[in-house]
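Visitor: Sequence and predicted structure are below.
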Amino acid sequence: MPPLRKFVWTGFILGSIGWSGVFVVIFLMLPTLGPRWLFYFLLTMALVGTSLPFISYLHMRFPGETPISGSAILRQAIWIGIYGDLIVWLLPGGVLNPALALFLAAGFGLVEFLLRLRERSQWKPREPKE
């Protein structure tokens, strides 16, 4: 697993760009088509950047029997960003309810569980050097 320091700096950079961009889009732009898509992109960056250090810390604090790669940690942070985007996208239309939010979270959790299961099945421990 890569050191926590790299994830903290990456998360800080992504989060600061994302949250400052979300602020600019909300308060300084008209809600036409281009700024709406920019809002979703910047919100994804903000949520990924915010969750990246926490996810990497959780994996460092509670390691599993197989080591996790940096790409898997980044993928889990991206899932959180996509989930947040879906919640924000469904909210104005009145489509979102607690059951749908729970089913979306369970679906993302199931996909991540299956991806991690596949990674664990292909993992081979290193042979000890003599």
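Guide: Arrived safely, thanks for sending. Numbers count the residues shown, from 1 in each chain.

Visitor: What about Thr50, how many residues nearby?
Guide: By other C-beta atoms under 10 Å, 20 other residues sit near Thr50. Bear in mind the C-beta positions are built from the backbone N, C-alpha and C, glycine included.

Visitor: ok, now which ones touch the spatially most central residue of the chain?
Guide: Nearest residue to the geometric centre of the chain (C-alpha atoms, centre = their mean): Ala77, 2.0 Å. Ala77 sits next to Gly11, Val48, Ser51, Leu52, Ile55 when contact means C-beta atoms under 8 Å, 6 or more residues apart in numbering.

Visitor: Could you say which of those is surrounded by the most neighbours?
Guide: Leu52 leads the contacts of Ala77 on contacts (other C-beta under 10 Å) with 27 neighbours.

Visitor: Look up the closest residue to it, ignoring the ones flanking it.
Guide: Among residues not flanking Leu52 along the chain, Gly11 sits closest, at 3.7 Å (C-beta to C-beta, 6 or more residues apart in numbering).

Visitor: Sticking with the one you found, tell me its helix or strand.
Guide: The secondary structure element spanning Gly11 is helix 4-28 (assigned by DSSP states H and E).

Visitor: Would you indicate which residues of that helix are buried?
Guide: Residues of helix 4-28 classed as buried: Phe7, Thr10, Gly11, Leu14, Gly15, Gly18, Trp19, Gly21, Val22, Val25 (neighbour count, 16 or more other C-beta atoms under 10 Å).

Visitor: From Gly21, how far off is the residue nearest to Leu52?
Guide: Gly11 sits 15 Å away from Gly21, going by C-beta to C-beta, to the nearest Å.
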